[in-house]
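Trainee: The sequence and its predicted three-dimensional model are supplied below.
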Amino acid sequence: MSHKHIKTISDPKLKLEVLTKEEVLRIHEATLNIIENVGVRFPSQRALDIWQAHGADVDREKKIVRAKPQLIEDALKKCPPKYVLGARDPQQDLPLDGNHVCLGTDGCGVEIIDIETGEKRTSRLQDVRDISRVADATEEVAFHWVPLSAQDAPVEARGLHELKAVWENSTKHVQTESIYNVEEAKASMEMLEILAGSKEEMRKRPMLSLMQCTAPPLGHDGGSLDAALIAAEHGVPTGFMTMSACLTTGPATMAGTLAVGNAEVIAATALLQLAYPGAPVFYAAAQTASDPRSGAYTGGGPEDFLFGAATNVLSDFYNIPLSMGSFATGAKEPNWQAGLEGSLSTFMASVVMSDMLLGVGFLHGSRIWSYAEMMMDCEIFSIIEKMMHGIVVDEETLAMEAIAAVGPGGHYLAQKHTRNHMRDLFLPQFLDRRPYTQWEDKGDDARDWATAKAKKILHEHQPDPLDEKISKEFERIIKSVEKS
């Protein structure tokens, strides 16, 4: 098998401090206070039983759990600080070790800009297949979030159809937020074991990870909790994502929203460690601010950018990997707003070394998929990846021999040093560097080029096929869930 390159950010030179150690500690202490005195809602019988067995105060009627700080802190110490996300192609395994930033697609939207007609329509299973193929061929994309809801698939097994579609069309790691009930969770574990070949290999290199969204403020979804517990039991990495928003599902202040979201995430993370100590977990977040004029989700703005950096500091404090929402612009089309919000959110999350970045491809606050947006988001990531490596200063890069050879008034184009290093310079695919007159005559732009690239990949790229026997086993499992 040929080597497949994935572009990630590693060994960065740029640094940023968004919260001091004292501020992080104050947020942590506020969080423990919230969990102990306000409580977090866990509408799952199994979750409530686990909390009660470990001495937490459980209100069965309201399904609210209050836990002492020591119980939470002791549980969090059992979280593994690093592990590997496996891929169907082992060359594409991803280390979650605090020193890599891996980019994923966004999910799980419900509409798409059709790549042929340019019209907005409801998403379907074929779209999941197509996006997976494009992502498979795109080196900036290190892993998949299941991108769209397959709304033409039966609702009771929709998440399983989506998993099968991605695994059949890419060799990269898959993370899904669409497995949120017991039946689908058990079936997905069965599918993963078949794909891995054994329970041991499944734990060693999990080719699936689960994302569960919280129900802010200070709540969870029962089916998501039960699914997360099943994943933890099987050694499958699981994260809880807070989407708390200033003004609506969080306080108007950013620090207060951080504390509320943190309470949601670490309370659920502690639950998994109480049930299965050492289970791989990650912190996940996509906080935002509600628009004061309408109360609507913004999907961008300075609060998002600061949340992206601050949440990584919190996950570092707990010493667990982070999956951070970025790129999910509120723009309705690929335009200056999308570029601005995608660039700043991703730069802020990258400069603090968030382990997983979500995710390219969406418009209108993670509702509408756009292939053009996906391609241009990847270019933004490439620019940030280049910036993050900073400036290398050594004998070779100082170029003293070349400088002496050229002298005053010459040029460097003919120098061997130039030939050796010219490919180190960033070369954009979609930034428009044409002469003005050529731009004026052509009438096309980055969106046209980005769409054309996606079309070319869809026409030409054939991912390494999944074993037909495995596909048939997947089909059998999915049908059994639909029948039940």
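Mentor: Good, I have the coordinates.
Trainee: Please make it C-alpha for all contacts and neighbour counts, starting now.
Mentor: Fine.
Trainee: how is this protein carved up into domains?
Mentor: Taking automatic domain parsing as the reference, the chain has its domains at 9-17+77-389+471-479, 395-424.
Trainee: Point out the most buried one among these.
Mentor: Most buried of the domains of the chain by mean neighbour count (mean count of other C-alpha atoms under 10 Å) is domain 9-17+77-389+471-479; its value is a mean of 22.
Trainee: Format the domains of the chain as a markdown table; extra columns: mean pLDDT and distance to L431.
Mentor: Shown next, in a markdown table, are those (pLDDT from 0 to 100; distance: least, C-alpha to C-alpha, whole Å):
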| stretch | mean pLDDT | distance to L431 |
| --- | --- | --- |
| domain 9-17+77-389+471-479 | 95 | 9 |
| domain 395-424 | 96 | 17 |
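Trainee: A450 is nearest to which of those?
Mentor: domain 9-17+77-389+471-479 (4.8 Å; C-alpha to C-alpha).
Trainee: which non-adjacent residue is nearest the residue nearest in space to the middle of the chain?
Mentor: Geometric centre of the chain, nearest residue: L358, 3.1 Å, by C-alpha atoms, centre = their mean. Spatial nearest neighbour of L358, excluding adjacent residues (C-alpha to C-alpha, 6 or more residues apart in numbering): G325 at 4.7 Å.
Trainee: do F362 as well
Mentor: Distances taken as C-alpha to C-alpha, 6+ apart place W369 nearest to F362, at 4.6 Å, with adjacent residues excluded.
Trainee: returning to what we had before: got the contact list for the residue nearest to the centre of the chain?
Mentor: If you count contacts by C-alpha atoms under 8 Å, 6 or more residues apart in numbering, L358 has them with L103, G104, T105, D106, W145, S323, M324, G325, S326, F327, A328.
Trainee: now, which of those sits nearest K479?
Mentor: The nearest member of the contacts of L358 to K479, counting by C-alpha to C-alpha, is W145 at 23.3 Å.
Trainee: Beta-bridge partners for that closest one, please?
Mentor: W145 has the following beta-bridge partners by DSSP bridges: Q175.
Trainee: quick one: contacts for it?
Mentor: When the contact criterion is C-alpha under 8 Å, 6+ apart, the partners of W145 are G104, T105, D106, G107, C108, V174, Q175, T176, E177, L358, G359.
Trainee: could those residues go into JSON lines alongside distance to P435?
Mentor: Putting those into JSON lines (distance: C-alpha to C-alpha, whole Å) gives the following:
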{"residue": "G104", "distance to P435": "34"}
{"residue": "T105", "distance to P435": "33"}
{"residue": "D106", "distance to P435": "34"}
{"residue": "G107", "distance to P435": "38"}
{"residue": "C108", "distance to P435": "40"}
{"residue": "V174", "distance to P435": "42"}
{"residue": "Q175", "distance to P435": "42"}
{"residue": "T176", "distance to P435": "44"}
{"residue": "E177", "distance to P435": "45"}
{"residue": "L358", "distance to P435": "35"}
{"residue": "G359", "distance to P435": "33"}
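Trainee: would you say G239 is within a strand?
Mentor: Yes: assigned with DSSP: H, G, I helix; E, B strand; the rest coil, G239 falls within a strand.
Trainee: surely it meets V281?
Mentor: Yes: if you go by C-alpha atoms under 8 Å, G239 and V281 touch, sitting 5.5 Å apart.
Trainee: who touches both of these two?
Mentor: T269.
Trainee: Three-state assignment for the residue nearest to the centre of the chain, please.
Mentor: Going by three-state DSSP: L358 is strand.
Trainee: quick revisit: want to throw the domains of the chain into a markdown table with distance to K442?
Mentor: Listed next are the domains of the chain as a markdown table, based on distance: least, C-alpha to C-alpha, whole Å:
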| stretch | distance to K442 |
| --- | --- |
| domain 9-17+77-389+471-479 | 19 |
| domain 395-424 | 27 |
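Trainee: nearest to E440, of the contacts of L358?
Mentor: Minimum distance to E440 across the contacts of L358 is 29.9 Å, recorded for F327 (C-alpha to C-alpha).
Trainee: Dihedrals phi and psi, the closest one?
Mentor: Torsion angles at F327 (phi, psi; degrees, to the nearest 10) stand at phi 70, psi -20.
Trainee: Also N262?
Mentor: Dihedral angles for N262 - degrees, to the nearest 10 - are phi -60, psi -40.
Trainee: likewise the one 10 residues further on?
Mentor: For L272, the backbone dihedrals are phi -60, psi -40 (criterion: degrees, to the nearest 10).
Trainee: List the contacts of it.
Mentor: By C-alpha under 8 Å, 6+ apart, the contact set of L272 is A228, L229, A232, A279.
Trainee: what does S370 give?
Mentor: Contact analysis of S370 by C-alpha under 8 Å, 6+ apart lists I112, I113, D114, I115, G361, F362, L363.
Trainee: If we use 7 Å, what do you get?
Mentor: Counting by C-alpha atoms under 7 Å, 6 or more residues apart in numbering, S370 touches I112, I113, G361, F362, L363.
Trainee: circling back to that earlier point, thought the residue nearest to F362 was touching V110?
Mentor: No: W369 is beyond contact range of V110, at 8.1 Å (criterion: C-alpha atoms under 7 Å).
Trainee: Could I get the phi/psi values of the closest residue to V351 other than its chain neighbours?
Mentor: Leaving aside its sequence neighbours, V351 sits nearest to K15 (C-alpha to C-alpha, 6+ apart; 5.9 Å). For K15, the backbone dihedrals (degrees, to the nearest 10) come out as phi -130, psi 160.
Trainee: Tell me the spacing between K15 and M388.
Mentor: As for K15, its distance to M388 is 9 Å (criterion: C-alpha to C-alpha, to the nearest Å).
Trainee: Ok, K199 next?
Mentor: For K199 relative to M388 (C-alpha to C-alpha), the value is 38 Å.
Trainee: Show the pLDDT at K442.
Mentor: Turning to K442, the model gives it a pLDDT of 88.
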